[in-house]
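> I'll drop the sequence and a predicted model, then ask my questions.
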Amino acid sequence: MATMKSLIGLINKIQRACTVLGDHGGEGMSLWEALPTVAVVGGQSSGKSSVLESVVGRDFLPRGSGIVTRRPLVLQLHKTEEGTTEYAEFLHAPKKKFADFAAVRKEIEDETDRITGKSKQISNIPIQLSIYSPNVVNLTLIDLPGLTKVAVEGQPDSIVQDIENMVRSYVEKPNCIILAISPANQDIATSDAIKLAREVDPTGERTFGVATKLDIMDKGTDCLDVLEGRSYRLQHPWVGIVNRSQADINKRVDMIAARRKEREYFETSPEYGHLASRMGSEYLAKLLSQHLETVIRQKIPSIVALINKSIDEINAELDKIGRPIAVDSGAQLYTILELCRAFDRVFKEHLDGGRPGGDRIYGVFDHQLPAALKKLPFDRHLSTKNVQKVVSEADGYQPHLIAPEQGYRRLIDGSISYFKGPAEATVDAVHFVLKELVRKSISETEELKRFPTLAGDIAAAANEALERFRDESRKTVLRLVDMESSYLTVEFFRKLHLEPEKEKPNPRNAPAPNADPYSDNHFRKIGSNVSAYINMVCDTLRNSLPKAVVYCQVREAKRSLLNFFYAQVGRKEKEKLGAMLDEDPQLMERRGTLAKRLELYKQARDDIDAVAWK
Ligand SMILES: Nc1nc2c(ncn2[C@@H]2O[C@H](COP(=O)(O)OP(=O)(O)OP(=O)(O)O)[C@@H](O)[C@H]2O)c(=O)[nH]1
């Protein structure tokens, strides 16, 4: 089974880790809060500092008027082998060993001011002090500012409430063991420590009552009712203490002598002699140490569970924000290509289905293109009047004799050129859909989130490629339209000659073959022939334009959106690759913090394992 020393040492270690992590309770689930701690609570001048110093056996706490303790002091006591020299160490200055306890006091003062400034404000960020000595028991205590009723000069009025809030925030945690210090020369019923302890721990399960100043009680009074548990019953026995008086402090009576004097006081006391073995600061230290050990033993499973849960959460977050990237150029190139592929996958899902957006391309072919074709002004272009104008102009000074061949050609060419508008509009519309899909795909590619620079580069490269595809597509669709002008479907016109015969049963509808070539009817007939031909061309283009657009833009986007980019990246040097993988500084910082946290938690888990199996 684990020894007392190793158990308390373990909690000390985890506590130090918590301070490094900036975890001192407060928001969310905190490891700090899961650790059993002993908090020293009492009114001003109740003797808190004296108790702590006598537990340690050293003078090291700042003294003075006003509110001296303004940050929690986490005091970790480590018992060392007999004969070893004592020293102290602060977590904020880990390399420095303090053998001189006056210097420890000075450092506590300076470190308090470092956070609170000279403003005499208070702060809940703890100072962590470890003392290694053969004269201590393994114990961790937290010294908190003394509860007070009035602010002294130079301190804001709010400090009274601030202190109470801070002390309360510690003692209300279920894992906090409360060391409630009350001076015996005042009414214990009005003791600040007991009042607060009663509030947060009504059953007295985690409160240790300490009565100080037994030696200066009014003559004829004693504290037996309290110490024997009759007046203020707690689950744990009360401990009476006799600290150094102010006169002793002034005379520099050392702590070891003070402990001896205290022992003598109880042994020779007519009132408390029968309780002597359970009184005094040394006994208090042992009692707390044993209790802390029991509590820690009970809490270990829940602490391990909390650590494991935290490790899982950190790992999940690390996975989400991505692990650190390698530094050699081969690995960097690999990472970049992997990221490009991740983007490409998302982009293809948009086009092929699985993610929305690809259907909008079909929308262009199915709605936009037919609507645009329908709106073309053929009625105007093939009106009898315009037909007459075009045909006459085409004939020049000599009107045509049999068929207005030139007129037909001009009317058809003129009509076909109208198709260029919808053809180009289709190309542009599909271009914009693709561009939008690139934008969406970039933002939906989780892996790219941490690399804003690369995301920008990929987007730019993809858009450039889309521009190239658009140019190619535009050329192709215009060519398709031009092709319709360059060679007309002869069949269609051959059939026209035969038509009047077919239409014989209803001669009113069509002019006779030998109709007057200059009448309105004649031009109307030409207009309607051209219109029929153009309708046929329109049907063809309605089918072939989407094919060209898909071939040139959509298919290429799927096949080779980033090909150009790959070639460029392949030629880049190491520094340039590194720059492309430039991460969001906030993310890098977050990863650093998480990694540190993870390491500390894992270390804590290993430490617990090591102790638990001893
Ligand atoms: N005679 C006697 N004096 C004591 C005892 N305990 C404390 N004192 C004196 O009471 C005064 C206040 O003691 P501290 O230990 O500084 O009390 P504190 O609660 O830490 O005070 P603040 O830090 O100012 O809140 C000092 O002058 C001590 O010498 C005691 O048991 N007997």
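Nice, thanks for sending it over.
> out of everything not next to it in sequence, what's closest to Val41?
Leaving aside its sequence neighbours, Val41 sits nearest to Ala193 (C-beta to C-beta, 6 or more residues apart in numbering; 4.8 Å). (Glycine included, C-beta is placed from N, CA and C.)
> what pLDDT does that neighbour get?
Note for Ala193: predicted pLDDT of 92.
> and it, how many residues sit next to it?
Other residues within reach of Ala193, judged by other C-beta atoms under 10 Å, total 27.
> so which strand or helix has it?
Per DSSP states H and E, Ala193 falls inside helix 192-200.
> same thing with Leu369?
helix 369-374.
> what about stretch 322-330, start to end distance?
Terminal residues of stretch 322-330 are spaced 19 Å apart (C-alpha to C-alpha, to the nearest Å).
> er, stretch 213-224 actually
So stretch 213-224: terminal residues 13 Å apart, C-alpha to C-alpha.
> For that stretch, which residues meet the burial criterion?
Of all the residues in stretch 213-224, those buried under the rule 16 or more other C-beta atoms under 10 Å are 213-215, 217, 222-223.
> Widest-spaced pair of the residues you listed?
Maximum pairwise distance among the buried residues of stretch 213-224 (C-beta to C-beta): 12.4 Å, between Lys213 and Asp222.
> circling back to that earlier point, can you pull the buried residues of the following helix or strand past the helix holding Leu369?
Later in the chain than helix 369-374, the nearest helix or strand by DSSP H and E is helix 378-381. For helix 378-381, the neighbour count (16+ other C-beta under 10 Å) marks 378, 381 as buried.
> Going by proximity to the ligand, name the top residue of the stretch 401-550 of the chain.
The ligand sits closest to Arg450 of the stretch 401-550 of the chain, with a gap of 49.6 Å, by C-beta to the nearest ligand atom.
> Tell me if I am right that Leu234 is in a strand.
No - counting by DSSP: H, G, I helix; E, B strand; the rest coil, Leu234 is not found in a strand; it is coil.
> State the pLDDT value of it.
Note on Leu234: pLDDT of 87.
> you'd agree it is up against Gly204?
Yes - under the criterion of C-beta atoms under 8 Å, Leu234 makes contact with Gly204 at 3.7 Å.
> near the ligand, which residues of the stretch 151-300 of the chain show up?
Along the stretch 151-300 of the chain, the residues adjacent to the ligand under the rule C-beta under 6 Å from any ligand atom are 212-213, 215-216, 241-246, 249.
> What of the chain?
Looking at the ligand, the residues of the chain close enough under C-beta under 6 Å from any ligand atom are 42, 44-50, 68-69, 146, 212-213, 215-216, 241-246, 249.
> if we can go back for a sec, wait, doesn't the residue nearest to Val41 sit right on Gly43?
Yes - with contact defined as C-beta under 8 Å, Ala193 counts as touching Gly43 (6.6 Å).
> Which residues are in contact with each of these two?
Both Ala193 and Gly43 are contacted by 147, 182, under the criterion C-beta atoms under 8 Å, 6 or more residues apart in numbering.
> For the stretch 1-150 of the chain, which segments are assigned as strands?
Counting by DSSP state E, counting those that start in this stretch, the stretch 1-150 of the chain has strands at residues 37-42, 73-79, 87-90, 93-98, 127-133, 139-143.
> Could I get the ones you listed in TSV, plus columns for mean pLDDT?
Below are those laid out as TSV (pLDDT from 0 to 100):
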stretch	mean pLDDT
strand 37-42	90
strand 73-79	84
strand 87-90	91
strand 93-98	87
strand 127-133	89
strand 139-143	84
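> Turn these into a markdown table, columns for mean neighbour count and distance to Glu573.
Shown next, in a markdown table, are these (neighbours: other C-beta atoms under 10 Å; distance: least, C-beta to C-beta, whole Å):
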| stretch | mean neighbour count | distance to Glu573 |
| --- | --- | --- |
| strand 37-42 | 25 | 55 |
| strand 73-79 | 23 | 51 |
| strand 87-90 | 19 | 47 |
| strand 93-98 | 12 | 41 |
| strand 127-133 | 21 | 47 |
| strand 139-143 | 25 | 55 |
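> returning to that earlier point: which among the residues of the chain next to the ligand end up buried?
With neighbours counted by 16+ other C-beta under 10 Å, the residues of the chain next to the ligand contain buried members at 42, 44, 46-50, 68-69, 146, 212-213, 215, 241-244.
> ends of stretch 276-283, how far apart?
Counting by C-alpha to C-alpha, you get 10 Å between the two ends of stretch 276-283.
> Buried residues in that stretch, which are they?
In stretch 276-283, counting by 16+ other C-beta under 10 Å, buried: 276, 278-283.
> who's in contact with that stretch?
For stretch 276-283, the surrounding residues in contact (C-beta under 8 Å, 6+ apart) are 51, 54-55, 227, 237, 239-243, 259, 262-263, 266-267, 269, 272.
> now stretch 447-457
By C-beta under 8 Å, 6+ apart, the list of residues contacting stretch 447-457 from outside reads 321-322, 336, 338-339, 342-343, 442, 445, 458, 565, 579-584, 587.
> give me that answer again for 10 Å
Under the contact criterion C-beta atoms under 10 Å, 6 or more residues apart in numbering, stretch 447-457 has outside partners 320-322, 325, 335-336, 338-343, 345-346, 441-443, 445, 458-459, 565, 568-569, 577, 579-584, 586-588, 590-591.
> When you filter those residues down to buried only, what's left?
By neighbour count, with 16+ other C-beta under 10 Å, the contacts of stretch 447-457 hold 321-322, 335-336, 339-340, 342-343, 346, 441-442, 445, 458-459, 565, 569, 577, 580-581, 583, 591 as buried.
> Out of the residues you listed, list just those in strands.
Among those, DSSP state E puts none in strands.
> want to throw the buried residues of stretch 276-283 into TSV with secondary structure and pLDDT?
Converted to TSV, these look like this (DSSP: H, G, I helix; E, B strand; the rest coil; pLDDT from 0 to 100):
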residue	secondary structure	pLDDT
Ala276	helix	93
Arg278	helix	93
Met279	coil	95
Gly280	coil	93
Ser281	helix	90
Glu282	helix	89
Tyr283	helix	93
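> Identify the contacts common to Leu234 and Gly204.
Common contact partners of Leu234 and Gly204 (C-beta under 10 Å, 6+ apart): 178, 180, 194, 197-198.
> could I get the residues you listed as CSV with neighbour count?
As requested, the shared contacts of Leu234 and Gly204 are exported to CSV (neighbours: other C-beta atoms under 10 Å):
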residue, neighbour count
Ile178, 27
Ala180, 29
Ile194, 24
Ala197, 24
Arg198, 16
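> out of those, who's nearest the ligand?
Set against the ligand, the nearest of the shared contacts of Leu234 and Gly204 by C-beta to the nearest ligand atom is Ala180 (11.9 Å).
> for that closest one, phi and psi?
The phi/psi pair for Ala180 (degrees, to the nearest 10) reads phi -90, psi 110.
> Any idea what it is bridged to?
Judged by DSSP bridges, the bridge partners of Ala180 are Val41, Gly209.
> for the residue found closest to Val104 once you drop the neighbours it is linked to in the chain, what are its contacts?
Nearest non-adjacent residue to Val104, counting by C-beta to C-beta, 6+ apart: Phe60, 4.4 Å away. Residues near Phe60 by C-beta under 10 Å, 6+ apart: 49, 52-53, 73, 75, 88, 98, 100-108, 129, 131, 255.
> cool, Gln298 as well?
Contacts of Gln298 by C-beta under 10 Å, 6+ apart are Pro36.
> so where do the helices sit in the stretch 251-400 of the chain?
255-268, 281-321, 329-352, 359-363, 369-374, 378-381, 384-395 (DSSP state H, counting those that start in this stretch).
> just checking, Gln368 touches Phe432?
No - under the criterion of C-beta atoms under 10 Å, Gln368 makes no contact with Phe432, lying 11.1 Å away.
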